[in-house]
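here is my input; please provide its structure:
(chains A and B)
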Amino acid sequence: MTGANPFAPTSLEGRSLASQGVAKAGFLVITLLLLIPALGIVGVLLVEGWPGMTLSFLLEKPRENGAAGGIATALVGTIWLTAVALVVALPVGVAAAIYLSEYARDNWLTRTINVAIVNLAGVPSIVHALFGVGAFVHFLQFGKSILAASCTLAVMTLPVVIVATRESLQAVPKAFREATWNLGATRWQTIWRIVLPNSGSGILTGLILVVCRAVGETAPIMFTGAVFFRQLFPNGVFDKTMALSLHLFNVSTQVTNVPRHVPFAVALTLILVVLSMNALAIWFRMRLRGRKKW
Amino acid sequence: MAANAYPPTAPPGQPAWAAALDTRNSAWWQDLVMRVVVMAGGISAILFIVAIFGFIASQGIEFIVHRLDLGALLTGVRWEPTVEPPSYGALPLIAGTAFITLVAMAIAVPLAFGAAVYVGEFARGKQREWLKIGIELLAAIPSVVWGVIGLHVMKPVIQDLFGVQVGLNVLNAGIILGLMAAPIMATIAEDALKAVPDTYREAAESLGATKWQVVWKVVLPHARPGLSAAVLLGIGRAFGETIAVLMASGHRLMIPESIFDSAATLTATIAAELGEAAVGGDHYQVLFVLGMLLFVITFAINLTADWIVRGRRRQA
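Residues are numbered from 1 along each chain as shown, chains lettered A, B, ... in the order given. Here you go, the predicted model:
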């Protein structure tokens, strides 16, 4: 027998450890309470929607207002809307990010731009929809069309592009820029030859995040270009189109006699696209962080 | 004469050394052009936010100038735009929005702050990375999918659990909105916690404080401005959400009296009625006036949150 362990925690230390354990466990439970719904949603959609996820569901056109047939026109419409939104949002957003990261000084203009970006991201989606109706459908006379809907989506996703791109540009060390400036390069030559190539997948991450937002949004497109039901594939940017998100809203709330698995299958398609794109963005970011060491 | 010919020749009327000093070659002009182009991109953000307000106001301006009775709009209890004579009392919508947002915050604040404290203060290494990814993916779920969950999953659960007739109600929409707002709030709150200097934690721990005491008495009080910004942005999120709340709230145009009543929000009403309102008619214009109201409120919320975060950063 030996005496008492001299390294045994004192009663104060013991209480301290115990309280730390309790606190840690409590906060872990709260965190899981937040994350379990996410897993639950994916689980429910998989269980309920999987029977409906057949190849013909993805490739057939919808019939009877979406109660029968597949989702081909909605899928193609969403691709159109997203692609046009990207074409509009990406150049403007990347330009704004380059300005903010490379040219802007800390003055009132920069502060105003930053406030505008924060607010642009915070404006409710239905207000963006009202803007789209007023500006693109009526004022610019695009009518209800892919172009009007995509422009609305582009304005809405602009902050996402700007923030993601600006972050990636700012991750390029200042010394890179100073080195090229000292060789006599202009600011633009530095940006084009050094900063942009070294900002890696930053712009790509912004692009993916735009796709995620644009694919999932319903309110901004429902009055600007997406329609309830249309069997034709869109034939240009001035056509109306179906969209996956609005189709999901309609088969869940507007159409009667929809088999139960249909909304779940549409939701599953939507969420698989969004989550896989997001996972891709996260992977890019992690790979970048792992590779670049300067 | 090429712009960057060498040796430089003087333009007529100028001494030879002036040309040598003039370094405006093609790269210089290209830089100037690109500077203007990217600056235009930056300024476009300001233009868009001004244009959003301008266009929404312009669609409702005739009504605002000639027929708007702000008192009746904000306090009227009957929203009956299609009845003759129509009545535009938005109080049921305002009450519904406030009630649902309140329930959403009651759910989102503890979840978001709890998750932020765990991820920021307790979790380490791989576990931390995975939790952050999980929160990010939760934020990515589209609002219409949340609506489907409210409609097909939460509705029967609420009906069975509480023995109520109506499953699409304030509680349903509040839970959905709470879960939607929580990831963003958690991310902002975690940033606020991260901004607290480690020396504060070390000082408290060296005095014998337990981890719990460090979090509760040192980190959280110091991060309070950032946390209040997180709550504000969460409110803005919940308040502005449209499709999910339209699907989960039951969309009943009356003032909800209990958590189990169906309700309607400002956003959902615009989404539900804009398609049917005749373009340029009173109903159409009133919906744009509601849009202005939403814009002004979210603008104020975002500005305040931004101001809190920025002011703090300048202080630090």
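
residue B:290 contacts residue B:271, correct?
No - between residue B:290 and residue B:271 there is no contact under C-beta atoms under 8 Å: 10.8 Å. All C-beta atoms are positioned from the backbone trio N, CA, C, and that covers glycine.

any idea which helix or strand comes after the helix ranked longest in chain B?
Ranked by number of residues, the top helix in chain B under DSSP state H is helix B:26-66. Per DSSP states H and E, the first helix or strand lying C-terminal to helix B:26-66 is helix B:70-75.

contact partners of that next one?
Helix B:70-75 is contacted from outside by B:88, B:89, B:90, B:91, B:94, B:286, B:289, using C-beta atoms under 8 Å, 6 or more residues apart in numbering or on different chains.

take the residues you listed and keep only those in strands.
Counting by DSSP state E, the contacts of helix B:70-75 place residue B:88 in strands.

quick check, residue B:263 in contact with residue B:173.
Yes - counting by C-beta under 8 Å, residue B:263 touches residue B:173, with 7.2 Å between them.

list the buried residues in the helix or strand where residue B:177 lies.
Here residue B:177 sits within helix B:170-194, counting by DSSP H and E. By neighbour count on 16 or more other C-beta atoms under 10 Å in any protein chain shown, the buried set for helix B:170-194 is B:170-193.

same for it, what does it pack against?
helix A:11-49, helix B:91-117, helix B:125-140, helix B:143-149, helix B:155-162, helix B:224-240, helix B:243-248 (3 or more C-beta pairs under 8 Å, 6 or more residues apart in numbering or on different chains; DSSP states H and E).

mind doing that once more with 6 Å?
For helix B:170-194, the elements it packs on are helix B:91-117, helix B:125-140, helix B:224-240, helix B:243-248, judged by 3 or more C-beta pairs under 6 Å, 6 or more residues apart in numbering or on different chains; DSSP states H and E.

where among these is average confidence lowest?
Among the helices and strands packed on helix B:170-194, helix B:125-140 has the lowest mean pLDDT, at a mean of 87.

what about that one, near chain A?
Yes - under the criterion of C-beta under 6 Å from any C-beta of the partner chain, chain A is reached by helix B:125-140 at B:133, B:134, B:137, B:138, B:140.

and the third one, how many residues sit next to it?
The burial count assigned to residue B:137 is 20, neighbours taken as other C-beta atoms under 10 Å in any protein chain shown.

how about the last one?
Here the number of neighbours of residue B:140 (other C-beta under 10 Å) works out to 21.

hmm, residue A:277 and it touching each other?
No - using C-beta atoms under 6 Å as the test, residue B:140 is too far from residue A:277 to be in contact (8.3 Å).

now for those two: what residues contact both?
residue A:212 (C-beta atoms under 6 Å, 6 or more residues apart in numbering or on different chains).

who touches residue 271 in this structure?
In the absence of a named chain, this looks at chain A. Contacts of residue A:271 by C-beta under 6 Å, 6+ apart are A:45, B:145.

chain B, not that one
So residue B:271 contacts A:126, A:219, B:242, B:246 (C-beta under 6 Å, 6+ apart).

tell me the pLDDT at residue A:6?
The model's pLDDT for residue A:6 equals 76.

what separation do you get for residue A:48 and residue B:115?
Look at residue A:48 and residue B:115: by C-beta to C-beta, to the nearest Å, they are 27 Å apart.

what of residue A:100?
30 Å.

out of the two, which sits in the busier spot?
residue B:115 (31 against 24).

hang on, that one packs against residue B:186?
Yes - counting by C-beta under 6 Å, residue B:115 does reach residue B:186; the two are 4.5 Å apart.

identify the contacts common to these two.
Between them, residue B:115 and residue B:186 share no contacting residue, judged by C-beta under 6 Å, 6+ apart.

what is in contact with residue B:263 and residue B:173 at once?
Residues within reach of residue B:263 and of residue B:173 at once, by C-beta under 6 Å, 6+ apart, are residue B:249.

tally of neighbours for residue B:262?
Counted with other C-beta under 10 Å, residue B:262 comes out at 20.

so who does residue B:69 touch?
With C-beta under 6 Å, 6+ apart as the criterion, no residue contacts residue B:69.

about what we covered before: filter the contacts of helix B:70-75 down to the ones close to chain A.
Within these, nothing lies near chain A by C-beta under 6 Å from any C-beta.

now the contacts of helix B:70-75 as TSV including distance to residue A:160?
Shown next, in TSV, are the contacts of helix B:70-75 (distance: C-beta to C-beta, whole Å):
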residue	distance to residue A:160
B:88	35
B:89	37
B:90	31
B:91	35
B:94	30
B:286	31
B:289	29
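
quick one: which of the contacts of helix B:70-75 is nearest residue B:223?
When those are compared for distance to residue B:223 (C-beta to C-beta), residue B:94 wins out at 31.9 Å.

centre of the chain to stretch A:259-278, how far?
15 Å (C-alpha atoms, centre = their mean, to the nearest Å).

how about the nearest residue to the residue in the stretch 151-294 of chain A positioned nearest to chain B, chain neighbours excluded?
With C-beta to the nearest C-beta as the measure, residue A:216 is the residue of the stretch 151-294 of chain A nearest to chain B, at 2.7 Å. The shortest distance from residue A:216 to any non-neighbouring residue, by C-beta to C-beta, 6 or more residues apart in numbering or on different chains, is to residue B:142 (2.7 Å).

just residue B:232 next, same as before
residue B:305 (4.2 Å).

before we move on, the earlier item: so which of the helices and strands packed on helix B:170-194 is the most surrounded?
helix B:243-248 (a mean of 30; mean count of other C-beta atoms under 10 Å in any protein chain shown).

can I get it in CSV? Just the C-alpha atoms.
This file holds the C-alpha atoms of helix B:243-248, laid out as CSV (Å, rounded to 0.1, in the frame of the first residue of the first chain):
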residue,chain,number,x,y,z
ILE,B,243,-41.3,30.5,-49.6
ALA,B,244,-40.6,28.3,-46.6
VAL,B,245,-42.8,30.4,-44.4
LEU,B,246,-45.5,30.6,-47.0
MET,B,247,-45.6,26.8,-47.1
ALA,B,248,-45.3,26.1,-43.3
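
a strand runs through residue B:168, doesn't it?
No - assigned with DSSP: H, G, I helix; E, B strand; the rest coil, residue B:168 falls outside any strand and is coil.

separation between it and chain A?
From residue B:168 across to chain A, the span is 10 Å (C-beta to the nearest C-beta, to the nearest Å).

my guess is that residue contacts residue B:250. True?
Yes - the pair residue B:168 / residue B:250 is scored as a contact, 3.6 Å apart, by C-beta under 6 Å.

which neighbours do these two have in common?
residue B:262.

quick check: residue B:240 vs chain A, distance?
For residue B:240, the distance to chain A - C-beta to the nearest C-beta - is 3 Å.

swap that for residue B:160, sorry
16 Å.

for that residue, the count of nearby residues, please.
Quick note: residue B:160 (other C-beta under 10 Å) scores 10 neighbours.

figure out how far the helix-or-strand element of chain A with minimal mean pLDDT is from the centre of its chain.
Taking mean pLDDT, DSSP states H and E as the measure, strand A:68-69 is the helix or strand of chain A with the lowest mean score, a mean of 78. Offset of strand A:68-69 from its chain centre (C-alpha atoms, centre = their mean): 29 Å.
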